[in-house]
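Student: Can you look at this prediction? I've put the sequence above it.
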Amino acid sequence: FLSASEGEGSDGEAQQAARDAEEGDELWEDEILPSVTPVAAQDDLRPEDAMEGVRLFFCNKFKQSEDYFAKGKDSMPLFAVSYGAVSLLKALMTFDETDRKQAIQRLNHAEALANVFAGGEGAVKSIARKMLFMGSEKLTTEQVSARIVVSEARLARSLLLFLEESISGFVKAGIGMRRAWKGYEACGDAVKKNKAVNLTKCDEGGIQFGLGVFNMVLSILPHRVLKVVSLMGFKANREEGLRDLTLCFEGGEVRSPLAAIALLAYHALLPSFFSVPQVLDFHIQEGTKVLNTCLEQYPNGAIFMFIKGRLERLKKDLVASVNALRVASDAVPRDEWRPFYHLCAYELGWSLCQQSHWEEGRAEWDMLKTENRWSRAFYAYMSACCSVQLQDKSAALASFAEALQLTKDGKKFGGKQMSVDQFVARKLQSFKLHTQEGIESRAADMAMWEMLYLWNSMTVFGAAELNAVIQACDAVIEACQGDNEMCVVPLLLKGSALNVQGNKEDCEETLIKAANMEGSLKHDTYAAVYAKYELGVALLGVEGREEECLRWLQDAAAVKYDYNFEVRLKLRLAGATHHAKKALKA
């Protein structure tokens, strides 16, 4: 899912983003709220009826769910924020700017409607400007419910900022989540001060969900972002966040399935990018427990079958992964919610390529290139990589050339070029892969293995694929001795594969060679930094080498120049460094 703009910038830029966001608690353009006047609810709907819309959604009736919430979006805050949540999930699936703007519009409407119900003297101005719900006024249960929805809308809107995959975007998201956190905290305080207010189970779950997401998300952000955000008065607690999400999930109220998705994102989706081997079994066990409960409640739930496909991949059962993803894809009519069908196809493309099923994988990428708007350049590039593996050089040449043109015509997300488009454009231009000379080069031979590495496939490869990676890397290294530009990526990939095989000695020797090329690289500068990270991961848990492990990770984190997929590596570094420091203290 990490695939929007790079543009990370420096610590100074992150701090400036924080100052800009905090100064006067000014609203950003996306947070300007409309004027809303509540209307009577249709069909005698009540807030507690929102559970029916949730049931429809997780029973694969996405459009019916959206239409159901639309009936109450102008009369009840809970319906309005649920209506926005459907758009939020769609935007998270598509990474499409139009979907992102629609989600923000609906969430702004939900916040504005909830403000009307929130009550209190000067409440609208206070909520819209200061993002605080504190004060001595007595609140009714309805007012507490409305204020929870206001915080929920802000939290959801902040999550969209993470799609930018930039440090400045992460900082703005952190600030937005902080504003939401203030609201949740103030609701709890108001209830404590006024014993006459009974917090409903639904509202209790709302606070648990909000604080749980807040603590979980912020706890996995890069150190640079956390340092800036922590200066503003709070720190995230991962264990507390997971506990709150578990309580919300087990409570069975309207937000329970969303809490399940948050827990599954942490245990089944994020480990594909950010986990270290030492905790992978824990994530698989916890994710499996939550998923089994969800599938008992929604046995044909496409969302949960999709996550099952991802979880099976973590378990290295790629056949089961493909089967689950196909079940998920077939469970939803393609003309009803096509973004979900495309999301399944995207993951199928990876699971098939991870098994060296190049022809089937190419079919998925070609379909996405035709139908999906996320990054047609990326899809064309992946199709070309499959063609290279199939020895179909004419198709590869045509697809590489198409990918280059698409990077020039490419879309932007949040006003910035997406990181995958940046990477594809640089690879094609640097190594001329779109030319006859380039398609015959060693760089073309490595293209698919490089993409699989960047999508963290080494840990799910079987023995045959690991050996294939090492053989392909050795062929390039031997043929291109002395050419650092051609050798650095094969060295990185070979070192990573050797680590997965358990060959620590050869792994370390290979990765050090890649890391030592840092100052001589013009094109694949990311590879030397990633090699330092891989060295740190390889030394995690090796007795007597704890300090060396931490030093490699800190060296990677200290790199100042820009490189491809920097934010992705920063997130991986945050997790690995956390475990390295724990090992050093032990």
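Tutor: Good, I have the coordinates.
Student: Which parts of the stretch 151-300 of the chain are helices?
Tutor: 167-193, 201-219, 223-230, 238-251, 256-264, 271-274, 277-297 (DSSP state H, counting those that start in this stretch).
Student: Show me the shaky parts of the stretch 51-200 of the chain.
Tutor: For the stretch 51-200 of the chain, the stretches with pLDDT under 70 are 120-138, 163-170, 191, 193-197.
Student: ok, residues contacting stretch 246-261?
Tutor: 50-51, 54, 57-58, 78, 82, 85, 201-202, 204-206, 208-209, 212, 245, 263, 290, 293-294, 298, 303, 307 (Cβ atoms under 8 Å, 6 or more residues apart in numbering). Quick note: C-beta positions are derived from backbone N, CA and C, even for glycine.
Student: swap the cut-off to 7 Å and go again
Tutor: 50-51, 54, 58, 201-202, 205-206, 208-209, 212, 245, 263, 290, 294 (Cβ atoms under 7 Å, 6 or more residues apart in numbering).
Student: got it, and stretch 303-310?
Tutor: 58, 264, 268-269, 272, 291, 294-295, 298, 321, 324-325, 327-328, 331, 343-344, 347.
Student: list the contacts for W455?
Tutor: Counting by Cβ under 7 Å, 6+ apart, W455 has contacts W350.
Student: and if we set it to 8 Å?
Tutor: W455 touches 272, 350, counting by Cβ under 8 Å, 6+ apart.
Student: which of the helices of the stretch 151-300 of the chain has the lowest average pLDDT?
Tutor: Sorting the helices of the stretch 151-300 of the chain by mean pLDDT places helix 223-230 lowest, at a mean of 64.
Student: Filter the contacts of stretch 303-310 down to the buried ones.
Tutor: 58, 264, 268-269, 272, 291, 294, 298, 321, 324-325, 327-328, 331, 343-344, 347 (16 or more other Cβ atoms under 10 Å).
Student: hey, where'd the strands end up in the stretch 301-450 of the chain?
Tutor: 412-413, 416-417 (DSSP state E, counting those that start in this stretch).
Student: weakest of those strands by average pLDDT?
Tutor: Minimum mean pLDDT among the strands of the stretch 301-450 of the chain: strand 412-413, a mean of 58.
Student: Now Y561: phi and psi?
Tutor: phi -80, psi 160 (degrees, to the nearest 10).
Student: burial of it, as a residue count?
Tutor: Y561 has 8 neighbours, counted by other Cβ atoms under 10 Å.
Student: That one contacts A528, correct?
Tutor: No: taking Cβ atoms under 8 Å as the definition, Y561 is not a contact partner of A528, at 10.4 Å.
Student: Contacts only, for A497.
Tutor: 458, 461, 466, 469-470, 473.
Student: isn't I470 right up against K494?
Tutor: Yes: using Cβ under 8 Å, I470 is in contact with K494, at 5.5 Å.
Student: quick one, which of these two is more surrounded?
Tutor: K494 (26 against 21).
Student: quick one: pLDDT of the more buried one?
Tutor: 98.
Student: Is it within a helix or a strand, and which one?
Tutor: helix 484-501 (DSSP states H and E).
Student: Roughly how far does S387 sit from L318?
Tutor: 21 Å (Cβ to Cβ, to the nearest Å).
Student: Likewise for V469?
Tutor: 15 Å.
Student: I'd like the helices of the stretch 151-300 of the chain as a markdown table, with distance to M93 appended.
Tutor: Shown next, in a markdown table, are the helices of the stretch 151-300 of the chain (distance: least, Cβ to Cβ, whole Å):
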| stretch | distance to M93 |
| --- | --- |
| helix 167-193 | 18 |
| helix 201-219 | 18 |
| helix 223-230 | 25 |
| helix 238-251 | 21 |
| helix 256-264 | 12 |
| helix 271-274 | 16 |
| helix 277-297 | 18 |
